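S.K.: Whatever this is, show me its structure:
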Amino acid sequence: ANAFVAPPPQLPSATTASTLPSQQQHHIVLKSSAASEETESEAINMKKIVEAIREKYASDTSLSIALPFFSSPQTLQDNSDLPGNFGFDPLNFASNTEQLMEYREAEIKHSRLAMLAAIGWPVSEILDRPIAEFFGVASTLGEGDRVPSIMNGGMSQISPVWWGFCIGLSAAIDLHGIKQARSGDIDYFPGNLGFDPFGFYKSNSVGNQQ
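M.R.: Residues are numbered from 1 along each chain as shown. As a prediction, this is how the structure comes out:
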């Protein structure tokens, strides 16, 4: 019975395509090139559509860019020049500009802590043991060179003096930020602690927003 079943059609592979006559090979290359150009054209058209939508809603600050079918809260409209302001506050948490700036300050603070944690965790696992050996002290890394944590264990190996130092430093930075925010300085903006030893902060407006 299997003799009467037609075998499935086979597509030309890269090896078999190379054995085709040059005219057929040229036809395959042309079809592949046309498909690639069509895909690239679709991507360009989609990009233009997205840019047009962004320009439309960016010019009208009463509309939310994040949710274009909703109006942007008035507080966000009044501060439309804030970097990252896409008019998204559906529950109206920031009912006034002062509250918005406090939230922005907290957002930047948490982002910085998250970035420090993201780099500090793997770096400490790499460098803790060599540094401990250099100073002739015991390493605090656990089994498998894992950092002491609630999940990994080993928290009791960390001196309470270190925790006190971390809490004190965090409180000092936080108080300095609050002082800066309430100083009334016209050059102040959320996250500006006046600390930029490497000059990362740009002098132009685009760089400032970034």
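S.K.: Only C-alpha atoms from now on, for both contacts and neighbour counts.
M.R.: OK.
S.K.: pLDDT below threshold where in the chain?
M.R.: Applying pLDDT under 70 to the chain picks out residues 1-37, 50, 53-61, 203-210.
S.K.: can you pull out the helices in it?
M.R.: With DSSP state H, the ranges of helices along the chain come out as 14-18, 22-59, 74-78, 97-135, 160-181, 205-209.
S.K.: got JSON lines for these, with mean neighbour count and distance to residue 153 too?
M.R.: Formatted as JSON lines, the helices of the chain follow (neighbours: other C-alpha atoms under 10 Å; distance: least, C-alpha to C-alpha, whole Å):
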{"stretch": "helix 14-18", "mean neighbour count": "10", "distance to residue 153": "55"}
{"stretch": "helix 22-59", "mean neighbour count": "12", "distance to residue 153": "49"}
{"stretch": "helix 74-78", "mean neighbour count": "18", "distance to residue 153": "44"}
{"stretch": "helix 97-135", "mean neighbour count": "13", "distance to residue 153": "14"}
{"stretch": "helix 160-181", "mean neighbour count": "13", "distance to residue 153": "16"}
{"stretch": "helix 205-209", "mean neighbour count": "10", "distance to residue 153": "41"}
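S.K.: Now render the ones you listed as TSV, adding distance to residue 196.
M.R.: Formatted as TSV, these follow (distance: least, C-alpha to C-alpha, whole Å):
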stretch	distance to residue 196
helix 14-18	56
helix 22-59	31
helix 74-78	28
helix 97-135	14
helix 160-181	14
helix 205-209	13
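S.K.: do you know which of those lies nearest residue 152?
M.R.: Closest approach to residue 152 among these (C-alpha to C-alpha): helix 97-135, 12.4 Å.
S.K.: wait, doesn't residue 142 sit right on residue 154?
M.R.: Yes - the criterion here is C-alpha atoms under 8 Å, and residue 142 meets it with residue 154 at 6.6 Å.
S.K.: that older thread, quick one: closest of the helices of the chain to residue 191.
M.R.: helix 97-135 (5.6 Å).
S.K.: helices or strands up against that closest one?
M.R.: Packing partners of helix 97-135 (3 or more C-alpha pairs under 8 Å, 6 or more residues apart in numbering; DSSP states H and E): helix 74-78.
S.K.: Please save the CA atoms from the helix it packs on in CSV.
M.R.: C-alpha atoms of helix 74-78 as CSV (Å, rounded to 0.1, in the frame of the first residue of the first chain):
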residue,chain,number,x,y,z
GLN,A,74,-3.0,67.9,35.1
THR,A,75,0.1,67.6,37.2
LEU,A,76,1.9,65.7,34.4
GLN,A,77,0.7,68.2,31.9
ASP,A,78,2.2,71.1,33.9
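S.K.: Residues in contact with that helix: which ones?
M.R.: With C-alpha atoms under 8 Å, 6 or more residues apart in numbering as the test, helix 74-78 has contacts from 61, 62, 85, 87, 94, 95, 96, 97, 100.
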